[in-house]
Structure formats: structure tokens, C-alpha cells
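In: 3D model of this:
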Amino acid sequence: MMSTGGLITHAAALLPAAEKPPVTTPRVPAREAAERELSKPLYHQDDPGLLQRALDRFWEWVGHLFDRAQGATPGGTLGLVAIAVLAALAVAALWWRLGAPRRTATGTATLFDDALRSSADHRAAADAHAAAGRWTEAVQERMRAVVRSLEERTLLDPRPGRTADEAAAEAAAALPDHAEALRTAARTFDDVTYGGRPADSGTYDRLRTLDLTLTRTKPLLTGGADCAPRDRPRRRPDTGPAPRHPARPRSTGPVGEAPLSQPTDMSW
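Out: Residues are numbered from 1 along each chain as shown. Take a look at the predicted model:
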């Protein structure tokens, strides 16, 4: 009778050469060999690039984030969509109310350029821009016309480099009833010129009305008693006639003699 080991050896001898059991390899060397084999460029020709892998990781993170938000939001996916729509509407309302985000102006935000023009020239340019529908340029020229008119009326001192805000603050001293309107006009000029906010016909009409109103407004002249001339001779107060003193007694002695002594008592 053949033992179990003998049976196995005999069965292995009967197998063809191709069907013999493979050589057993330890686990660690087998893993290292597989890693060396798979690291060859032949196996990585169709791998995504670095940018594609980064995008894939990003979208995986976004998907995971939405999955967590969907689980935490009442109503699931429908509630999440409703919240997203409300947020978009809020952003759109703020954009419509406040306009485009204001850019930081580089340099000095002056009101006038180097060319010196009269208020009539600025008004004509503003009307031409308004007729063509260029409301931003029309608002700019009308604000320049307002300030130039105040300079021509000597309510403002001509000063290069003046900003719209400075002109409004200085003009408010002579036109206090229109101080708020002047500040609003200056802010409008800054918004359309440096903030990127588009103007419209209503904005231009308000500024044009202010310009025409100021030309008919009588300024408030400050001064009063402090402006009185100071080179007049001051009149002495009237104290009545000067007091009359009694005449001194005249000498009655003969010529050549010493004058008589005067009385020592000077009370009369």
C-alpha cells in the first residue's frame, strides 16, 4: 500500500510540464517585484496629467461636500437647491442696488484734466454726450460744469488737483441749502468715474437740475461786522468844553524889579 506522500509525488509526475505547480515566493519579495513591474512607463502612458488629477480631487471634494450638505439640509436635494437659488437672488439684488464693486483708484482722483474749459463748454459737451446716450460721460461733464461755474462766480478758488468731494465741501459754505445735493453729486461722479457704476438718464437729469438751480441761487456771503473798514480815524467821545482855568496874576511892579511873589494858596 502506497502512502499519502507517495501518491502526491506520483500524481505530480503524471502531470504535463506546463501544469506543474508554480514556485512559491514569499509575500514581501513578491510585492516588491510587482511594484517594480508596475512602475515601468509602459503601464502609465494613459494616466491623467497633474492638472486633471487635481481637478478630479477637487470635484470629489465638492461632491463630498454636497453630499454632507444634502444630508444636513431639511428637504434633502430640493432644500439645497432652494437655498442656492435664494443665495443667488440675494447676490443679484446687492449687485443691482450697489453696482459693480468699486475699484481702488490709482493716483489722484482729480476732477479736471489739463485742458482748461469754461462752464459753458462743459455743459455743451454734457448735452452732446446725453443726446448720444453716453450717460457716464454726460454725468462727468455736467459735474465739471457745476464746479467750473462756481469758480467763475468766485464762490470757489480755482485750484488744480481738486477732487469732486473737496469741491462739494468747499461750496457748501456759500450754498448751505444745497450742501447735501452737492455731496450726492460728488459721490455720483466718483461712482461712475472710478467705481465702474454705469450712469443713466435719471442720474444725468438730477445733476443737470442741480446745475441750473445753482446758477439761479444767491450765495450766502459771510462777513458782517468783521468786514468793516478799519482805517477810519476813531472819533473821540464828546466830553463837553474844556475846563477854563483862571489867568495867572500879572506883575504890577516897575520895570526892572523882580515880579511880585505869587500867592501860595491856589484854591480859588
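
In: got the residue ranges for the helices in the stretch 101-250 of the chain?
Out: For the stretch 101-250 of the chain, helices defined by DSSP state H, counting those that start in this stretch occupy the ranges 119-131, 135-152, 164-171, 179-194, 201-215.

In: export those to CSV and tack on distance to residue 52?
Out: Every C-beta, even on glycine, is put in place using the N, C-alpha and C of the backbone. Shown next, in CSV, are these (distance: least, C-beta to C-beta, whole Å):
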stretch, distance to residue 52
helix 119-131, 51
helix 135-152, 44
helix 164-171, 51
helix 179-194, 42
helix 201-215, 49
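
In: And the ones you listed: which comes nearest residue 68?
Out: helix 179-194 (41.2 Å; C-beta to C-beta).

In: Would you mind checking the average pLDDT for stretch 159-170?
Out: Across stretch 159-170, pLDDT averages out at 88.

In: next one: stretch 127-135
Out: For stretch 127-135, the mean confidence score works out to 94.

In: Please apply the same query to stretch 218-227.
Out: Mean predicted confidence for stretch 218-227 is 59.

In: Output stretch 129-148 in PDB with nothing but the alpha carbons.
Out: Provided in PDB are the C-alpha atoms of stretch 129-148 (Å, rounded to 0.1, in the frame of the first residue of the first chain):
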ATOM      1  CA  HIS A 129     -23.000 113.100 -24.700                       C
ATOM      2  CA  ALA A 130     -26.500 112.900 -23.300                       C
ATOM      3  CA  ALA A 131     -28.000 113.200 -26.800                       C
ATOM      4  CA  ALA A 132     -25.800 110.300 -27.900                       C
ATOM      5  CA  GLY A 133     -26.800 108.200 -24.900                       C
ATOM      6  CA  ARG A 134     -23.400 108.300 -23.300                       C
ATOM      7  CA  TRP A 135     -24.700 108.900 -19.800                       C
ATOM      8  CA  THR A 136     -21.400 108.300 -18.000                       C
ATOM      9  CA  GLU A 137     -19.500 110.900 -19.900                       C
ATOM     10  CA  ALA A 138     -22.600 113.200 -19.700                       C
ATOM     11  CA  VAL A 139     -22.600 113.000 -15.900                       C
ATOM     12  CA  GLN A 140     -18.800 113.700 -15.700                       C
ATOM     13  CA  GLU A 141     -19.000 116.800 -17.900                       C
ATOM     14  CA  ARG A 142     -22.100 118.100 -16.100                       C
ATOM     15  CA  MET A 143     -20.300 117.800 -12.700                       C
ATOM     16  CA  ARG A 144     -17.300 119.600 -14.200                       C
ATOM     17  CA  ALA A 145     -19.700 122.400 -15.400                       C
ATOM     18  CA  VAL A 146     -21.100 122.800 -11.900                       C
ATOM     19  CA  VAL A 147     -17.700 123.200 -10.300                       C
ATOM     20  CA  ARG A 148     -16.300 125.500 -13.100                       C
END
